[in-house]
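Peer 1: quick one: sequence and predicted model below, then my questions.
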Amino acid sequence: MLPGIAACGAAALVSWGIAAGVPEVPLLTACVALGILFAQLPGTQSLIRGVFAPGLAFSSKKLMRAGVVLLGLKLSLIDIAGLGWTTLLTTIAIVLITFAGTYGLGRLFKLPGHEPLLMATGFSICGASAIGAMSGVVGAKRSEQAHPVALVTLCGTLAIFVLPALWGPLGLSNEQFGHWVGAGVHDVGQVVATAQIAGSSALAIALVVKLTRVLMLAPIVAVAGAFERKRAVAASDAKRPPVVPLFVVGFIVAILVRSFVPLPESVLSGAEVLQTILLAMALFGLGTAVDLKRLLTAGWRALAVGLLSWVLIAALALGAVQLG
């Protein structure tokens with residue numbers, strides 16, 4: 001596995017350099033983009049399917065799960081409760097409506113395999129990391145994750161430029177803009193890149209709203225796992241997924257620890273760095289599974305679903321902000 005893991009580590013390091021030099025590009029977005037670009041270079045497919053294959057598979061699966069567990073340390077139930085019931089309930093409603101709407105669009109456009117479920121999870125909750133978490137529960141192949149990861153990254157990147165351009169014309173205050181970004185942009189890094197232009201108060205609101213959406217990862221993945229287990233039992237499948245996957249339990253425990261145990265700032269900072277490294281390596285691995293030519297030709301259905309879902313969540317989030 002070492003060659004593939006080393007390639008993922010090197011990509012994470014390069015992405016860190018890109019993000020440091022161009023702050024508008026979130027590190028994890030750069031990792032997915034590097035993986036996609038690497039897969040399109042002449043001669044790299046023999047590496048991806050050969051010597052790199054075990055390490056890429058390990059990174060995109062195992063390291064992704066470990067990163068999701070550490071993501072829980074960013075979530076404080078106390079901070080989320082501070083949003084108030086109205087904001088909390090509207091944020092949950094946006095997640096559920098977007099999830100159902102995107103899943104329905106995926107089925108309507110006849111996306112194959114687990115793609116509708118993965119698209120719904122990524123667009124409604126927290127981007128590529130949510131896709132990786134759901135894939136671990138339903139046993140999705142790396143190839144099934146490729147289009148959802150590429151599209152949620154594409155749409156999240158578009159949001160970094162589109163939402164600020166609409167900020168003035170829509171007449172939103174700094175705080176309202178932060179709320180809109182937190183409720184409507186996919187990845188945490190993309191939320192930071194988009195909301196920071198409106199100042200620290202907007203960024204703080206955006207992060208808390210966004211992390212409230214991340215909190216929904218645990219129940220939605222757990223429900224999907226229960227359905228997958230029920231399907232396996234009905235089909236007399238010898239390989240049955242656990243009722244609640246171990247990494248989801250770890251994610252919940254991390255949230256509880258962050259909420260009720262006073263952790264030193266050095267521990268939280270170290271955990272955040274490690275989580276970023278793990279997710280960066282995992283997302284490069286997932287990016288290498290993207291067949292860009294196929295996505296741009298035969299993948300037009302997935303592209304249509306992604307863009308429609310992006311518009312849906314942005315519109316719902318804007319509506320919630322204006323109602324509030």
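Peer 2: Yep, it's here.
Peer 1: okay, now the unreliable bits of the stretch 151-300 of the chain?
Peer 2: Filtered on pLDDT under 70, the stretch 151-300 of the chain yields the residue ranges 232-233, 235-244, 298.
Peer 1: helices of that one, start to end?
Peer 2: With helices called from DSSP state H, counting those that start in this stretch, the stretch 151-300 of the chain shows them at 174-184, 188-195, 200-215, 217-234, 246-260, 265-287, 292-296, 300-323.
Peer 1: looking at the ones you listed, which is nearest to V149?
Peer 2: Ranking the helices of the stretch 151-300 of the chain by proximity to V149 (CB to CB) places helix 265-287 first, at 4.8 Å. Every C-beta, even on glycine, is put in place using the N, C-alpha and C of the backbone.
Peer 1: report the angle between that closest one and helix 246-260.
Peer 2: 150 degrees (axes from the mean of the first three to the mean of the last three CA atoms, to 10 degrees).
Peer 1: alpha carbons only: can I get helix 265-287 in CSV?
Peer 2: Coordinates of each C-alpha in helix 265-287 appear next as CSV, following Å, rounded to 0.1, in the frame of the first residue of the first chain:
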residue,chain,number,x,y,z
GLU,A,265,-6.5,24.3,22.5
SER,A,266,-3.4,22.5,21.5
VAL,A,267,-5.3,19.2,21.4
LEU,A,268,-8.1,20.7,19.2
SER,A,269,-5.5,22.3,16.9
GLY,A,270,-3.6,19.1,16.5
ALA,A,271,-6.8,17.1,15.8
GLU,A,272,-7.8,19.7,13.2
VAL,A,273,-4.5,19.4,11.4
LEU,A,274,-4.6,15.6,11.5
GLN,A,275,-8.2,15.6,10.3
THR,A,276,-7.3,17.9,7.4
ILE,A,277,-4.3,15.6,6.4
LEU,A,278,-6.4,12.5,6.5
LEU,A,279,-9.3,14.0,4.5
ALA,A,280,-6.9,15.6,2.0
MET,A,281,-5.2,12.2,1.3
ALA,A,282,-8.6,10.5,1.0
LEU,A,283,-10.0,13.0,-1.4
PHE,A,284,-7.0,12.8,-3.7
GLY,A,285,-7.6,9.0,-3.8
LEU,A,286,-11.2,9.6,-4.7
GLY,A,287,-10.3,12.2,-7.3
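Peer 1: for the helices of the stretch 151-300 of the chain, give me JSON lines that also has mean neighbour count and distance to A165.
Peer 2: JSON lines is the format used below for the helices of the stretch 151-300 of the chain (neighbours: other CB atoms under 10 Å; distance: least, CB to CB, whole Å):
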{"stretch": "helix 174-184", "mean neighbour count": "26", "distance to A165": "12"}
{"stretch": "helix 188-195", "mean neighbour count": "26", "distance to A165": "11"}
{"stretch": "helix 200-215", "mean neighbour count": "22", "distance to A165": "16"}
{"stretch": "helix 217-234", "mean neighbour count": "16", "distance to A165": "29"}
{"stretch": "helix 246-260", "mean neighbour count": "17", "distance to A165": "35"}
{"stretch": "helix 265-287", "mean neighbour count": "21", "distance to A165": "26"}
{"stretch": "helix 292-296", "mean neighbour count": "13", "distance to A165": "25"}
{"stretch": "helix 300-323", "mean neighbour count": "19", "distance to A165": "12"}
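Peer 1: in a markdown table, list the ones you listed along with distance to T91.
Peer 2: Below are those laid out as a markdown table (distance: least, CB to CB, whole Å):
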| stretch | distance to T91 |
| --- | --- |
| helix 174-184 | 6 |
| helix 188-195 | 13 |
| helix 200-215 | 5 |
| helix 217-234 | 13 |
| helix 246-260 | 16 |
| helix 265-287 | 22 |
| helix 292-296 | 31 |
| helix 300-323 | 7 |
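Peer 1: all good on my end, thank you.
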